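Undergrad: Fold the following for me, if possible:
(chains A, B, C and D)
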There are 2 protein chains.
Amino acid sequence: MFNLNYGDRRPLYIQITEKFRELILTGVMNEGDKIPSVRELAASLAINPNTIQKAYKELENSGFLLSVPAKGSFVAPVKRTADPAKIEELRRKLRSLVREMRFAGAEREVVLSEIESVYKEEKEI
Amino acid sequence: MFNLNYGDRRPLYIQITEKFRELILTGVMNEGDKIPSVRELAASLAINPNTIQKAYKELENSGFLLSVPAKGSFVAPVKRTADPAKIEELRRKLRSLVREMRFAGAEREVVLSEIESVYKEEKEI
DNA sequence: TAACTGTACTATAACACTTAGTACAGCTTG
DNA sequence: CAAGCTGTACTAAGTGTTATAGTACAGTTA
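TA: Numbers count the residues shown, from 1 in each chain, chains lettered A, B, ... in the order given. Have a look, this model is predicted:
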């Protein structure tokens, strides 16, 4: 399904949550899609099932997944209500990131075009 | 100078590096400015000097600070050369972040205006 | 000289991350 | 029905990171 990066010093369960978040946010996976079982993905990545469980729990808490005992884990239905607190938090992150890009020498147009391309991605929300 | 957030689960030395990065990127601190000594800031924040030392070392490695034994630590001169590898890395982070903002319900205009306001900040680079 | 500066150690405690193993209740399929 | 799957919930152990405490040294400054 995907690979882990052991050079990356972030915890494995964080890497896994980000992979899924990416797959869902980009529309590669859609509402209701079944994702690999805890044991299945653990075997496929050659890591401990507990680590997958932790990742899935995180994803469920943040609203990306829905886990049903004895059935499996699925991509959660997309919330259509805007979340102001979350947006405000992300705005702060965005500011910090863009400042750093500017510091690294990124032109304003480079940043803007990146935004545009994301808002043109196929996924409808 | 600033405060630590013990609710934040990130390491203290990371919080400290981010504070300084923010102060430098926003132009609050400028090239050559003297920053508090290791012991001074440790006392002011009521934490161990080793933690400050670790933060300063990080900041020096990433080019934000310049530490001189027996003299002190200072804001480093701004590199004016664009760093393509760094920009590419930050572009990936930006994409991911903007996708998440879109997912959370942020309008395209909200994101764009944030970019504009950063590029209008007083600091000239 | 006295007080400061960054830097470099050792040692210790607390915590997070990961693995290993076991167990249980519920669903699905042969 | 039985076997095998599902998510979930534990305990236990090992490892690495974070933070603290304490000490020390060489160089600068007042």
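
Undergrad: What parts of chain A come near chain B?
TA: A:18, A:21-22, A:25-26, A:78, A:80-83, A:86-87, A:90-91, A:93-106, A:108, A:110-112, A:114-119, A:121, A:125 (Cβ under 8 Å from any Cβ of the partner chain). For every residue, glycine as well, the C-beta is placed using N, CA and C.

Undergrad: Among those, which ones are in helices?
TA: A:18, A:21-22, A:25, A:86-87, A:90-91, A:93-104, A:108, A:110-112, A:114-119 (DSSP state H).

Undergrad: Buried ones among those residues?
TA: Neighbour-count burial (16 or more other Cβ atoms under 10 Å in any protein chain shown) is assigned, among those, to A:18, A:21-22, A:25, A:86-87, A:90-91, A:94-104, A:110-111, A:114-115, A:118-119.

Undergrad: which helices and strands does the helix or strand of chain A with the lowest mean pLDDT pack with?
TA: Least confident helix or strand, chain A: helix A:84-104 with a mean of 91, by mean pLDDT, DSSP states H and E. Here helix A:84-104 touches helix A:108-119, helix B:12-25, helix B:84-104, helix B:108-119, going by 3 or more Cβ pairs under 8 Å, 6 or more residues apart in numbering or on different chains; DSSP states H and E.

Undergrad: And for the residue nearest the centre of chain A, nearest residue in space, chain neighbours not counted?
TA: For chain A, the residue nearest the mean C-alpha position is A:Arg21 (1.6 Å; Cα atoms, centre = their mean). Excluding the flanking residues, the one nearest A:Arg21 by Cβ to Cβ, 6 or more residues apart in numbering or on different chains is A:Phe64, at 6.0 Å.

Undergrad: pLDDT wise, what is that neighbour at?
TA: A:Phe64 carries a pLDDT value of 94.

Undergrad: wait, isn't it in contact with A:Glu18?
TA: No. Using Cβ atoms under 8 Å, A:Phe64 is not in contact with A:Glu18, being 10.6 Å away.

Undergrad: Where does chain A get nearest to DNA strand D, which residue?
TA: Residue nearest to DNA strand D within chain A (Cβ to the nearest atom of the strand): A:Ser37, separated by 3.0 Å.

Undergrad: and that residue, what does it touch?
TA: By Cβ atoms under 8 Å, 6 or more residues apart in numbering or on different chains, A:Ser37 lies in contact with A:Gly72, A:Ser73.

Undergrad: one more time with 6 Å
TA: For A:Ser37, the contact set (Cβ atoms under 6 Å, 6 or more residues apart in numbering or on different chains) comprises A:Gly72.

Undergrad: again, but for A:Gln53
TA: A:Gln53 makes contact with A:Val38 under the criterion Cβ under 6 Å, 6+ apart.

Undergrad: Any chance of the backbone angles for it?
TA: Dihedral pair for A:Gln53: phi -60, psi -40, per degrees, to the nearest 10.

Undergrad: Regarding A:Gly32, what is its secondary structure?
TA: coil (DSSP: H, G, I helix; E, B strand; the rest coil).

Undergrad: shaky segments in chain A?
TA: For chain A, the stretches flagged by pLDDT under 70 are A:80, A:122-125.

Undergrad: Tabulate the helices and strands packed on helix A:84-104 in JSON lines, adding columns for distance to A:Phe74.
TA: As requested, those are arranged in JSON lines below (distance: least, Cβ to Cβ, whole Å):
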{"stretch": "helix A:108-119", "distance to A:Phe74": "25"}
{"stretch": "helix B:12-25", "distance to A:Phe74": "35"}
{"stretch": "helix B:84-104", "distance to A:Phe74": "17"}
{"stretch": "helix B:108-119", "distance to A:Phe74": "29"}
